[in-house]
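Participant: Mind folding the following:
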Amino acid sequence: MSDFTVDTASLAGFRAAVDRAQGRVDGLRGLADAARLAPGTFTRTAGGQVADTGHAEMLDGIGAQLDSATEKLRAIAEATSKTMDNYASADARHGAAMSEIKGQLDTAGGYEA
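Facilitator: Residues are numbered from 1 along each chain as shown. Below you'll find the predicted structure:
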């Protein structure tokens with residue numbers, strides 16, 4: 001390995017934060033699902049059908065937003081993982097190339113490595 005390195009620790013920290021955010025979104029989804037009412041909860045009251053429908057529509061909207069957030073977080077996590085892999089690969093290639101160059105310079109300078 002050479003002196004060239006990529007701060008993959010920061011990327012790993014970012015990836016962990018994305019994973020935590022996904023966990024929070026999943027928790028919110030659980031809360032939203034738990035807030036669903038049994039059909040006809042309010043129907044026995046005046047205007048109850050409107051309340052049932054409004055409540056269901058609100059939770060459907062929340063569900064759609066949570067689905068969108070989950071998709072975006074998943075894409076960010078995948079992109080971060082690919083970036084980390086690319087950096088690790090580039091770091092390894094660069095390290096090997098630098099070691100080879102150092103060996104050639106040492107040999108050219110009369111030093112045997």
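
Participant: In this protein, where is pLDDT below threshold?
Facilitator: With pLDDT under 70 as the threshold, the chain has low-confidence stretches at 1-6, 110-113.

Participant: what distance separates the helix ranked longest in the chain from the middle of the whole chain?
Facilitator: Ranked by number of residues, the top helix in the chain under DSSP state H is helix 48-108. Averaging C-alpha positions (CA atoms, centre = their mean, to the nearest Å) puts helix 48-108 5 Å from its chain's average.

Participant: Give the other helices and strands that that helix contacts.
Facilitator: Applying 3 or more CB pairs under 8 Å, 6 or more residues apart in numbering; DSSP states H and E, we find helix 48-108 packed against helix 8-34. In this view, the C-beta of every residue, glycine as well, is placed from N, C-alpha and C.

Participant: what's the spacing between the most centrally placed residue in the chain and residue 47?
Facilitator: Most central in the chain under CA atoms, centre = their mean is residue 77, positioned 2.7 Å from the mean C-alpha point. In this structure, residue 77 lies at 44 Å from residue 47, with CB to CB, to the nearest Å as the measure.

Participant: Same check on residue 57?
Facilitator: As for residue 57, its distance to residue 47 is 15 Å (criterion: CB to CB).

Participant: Kindly report the same for residue 11.
Facilitator: Distance, residue 11 to residue 47, by CB to CB: 53 Å.

Participant: likewise residue 100?
Facilitator: When distances are taken as CB to CB, residue 100 and residue 47 turn out to be 79 Å apart.

Participant: Kindly report the same for residue 105.
Facilitator: Taking CB to CB as the measure, residue 105 falls 85 Å from residue 47.

Participant: just residue 79 next, same as before
Facilitator: Note on residue 79: its distance to residue 47, by CB to CB, is 48 Å.

Participant: who's in contact with stretch 28-39?
Facilitator: 52, 55-56, 59, 62-63, 66, 70 (CB atoms under 8 Å, 6 or more residues apart in numbering).
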